[in-house]
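Peer 1: need a structure here:
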Amino acid sequence: MFIHAQGANISMKENNGHFVNQLLLFSKWLAVTTLGWALSLLAVGGVNIHSQPELQTLIASYFFNGALIGLIVGVGQAFILKSQQVPWLKWTLVTLIAYAIGLPVSIWLASSFALWNWPAGLPKLTENPGIFMSISLSQAALGGVILGVGQWLILRKHIVLATRRGALLWILGNVCGLGVGGFLATILDSLIWLEYFSAPVGHILARASVGVVLGLMTGIILVRLRPALLLA
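Peer 2: Okay, here's the model as predicted:
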């Protein structure tokens, strides 16, 4: 009886320790992802494009801010996933490149689709203030495919459930995180015009909301896949 009770106590302590480690992993993951997005200067709420130069400027902004987000998030996540088996430099570079390429490419695809469906009879991007197309981060959700695939190629070697299901969950988590986060950012950005927030505060909240949603989705998936990592 005593031996059985002692074994149950040990098992309970191990489960509690595992839960605490998973919670710490999730909390750090969420914080780093939120910080990376909040510190950028990306226009996530939506931009009205009137001309080709404006579109090129927006794409360039997504490239440079994507690189900044990728650097901050990549370095932070690399230290969270610290293990002799997880190459922190490779993780950082993959995340940086994925953000720097995925976001602007998605914006370019979104603008191309809008131009393909441009109403007949209206001039395209001629700097007319009354004729424009609106581009927002929610339209760049496909950038999550590049980010998800790039990170999964590293994670699959260090996660217990390195399966197609795991890969699909990770990629969808990034796509949905950007899409839902971008939609939420658009709502928060619109509240600036209704004077609920000042412009600086509103823009920071909008960017941070993307990091929160993306961090929540990918963090939950990471924990559920039970990573075989040495957690800090």
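Peer 1: those helices in the chain, which residues are they?
Peer 2: Per DSSP state H, the chain carries helices over the ranges 2-38, 52-80, 88-116, 143-155, 164-193, 199-224.
Peer 1: quick one: contacts of the fourth one?
Peer 2: Contacts of helix 143-155 from elsewhere in the structure, counted by Cβ atoms under 8 Å, 6 or more residues apart in numbering, are 66, 86-87, 90-91, 94-95, 97-99, 101-103, 105-106, 162, 166-167, 170-179, 222, 227. Yep, even glycine has a C-beta here, placed from its N, CA and C like the rest.
Peer 1: What mean pLDDT does stretch 191-206 get?
Peer 2: Averaged across stretch 191-206, pLDDT comes to 83.
Peer 1: quick one: that stretch to chain centroid distance?
Peer 2: 21 Å (Cα atoms, centre = their mean, to the nearest Å).
Peer 1: residues of that stretch that come out buried?
Peer 2: Across stretch 191-206, burial judged by 16 or more other Cβ atoms under 10 Å covers 192, 197, 202-206.
Peer 1: for stretch 114-129, same thing?
Peer 2: For stretch 114-129, a neighbour-count test (16+ other Cβ under 10 Å) marks 114, 125 as buried.
Peer 1: Next: stretch 56-66.
Peer 2: 58-59, 61-63, 65-66.
Peer 1: List the contacts of it.
Peer 2: In contact with stretch 56-66 (Cβ under 8 Å, 6+ apart) are residues 40-43, 47, 49, 99-104, 107-108, 111, 135, 140, 143.
Peer 1: related to what we said a few turns ago, among the buried residues of stretch 56-66, which two are most distant?
Peer 2: Taking Cβ to Cβ, the two most distant members of these are L58 and G66; they sit 11.9 Å apart.
Peer 1: ok, P53 - how many residues close by?
Peer 2: Neighbour count for P53, taken as other Cβ atoms under 10 Å: 11.
Peer 1: measure it to K124 for me?
Peer 2: 13 Å (Cβ to Cβ, to the nearest Å).
Peer 1: got it, and G143?
Peer 2: With Cβ to Cβ as the criterion, G143 and K124 are 24 Å apart.
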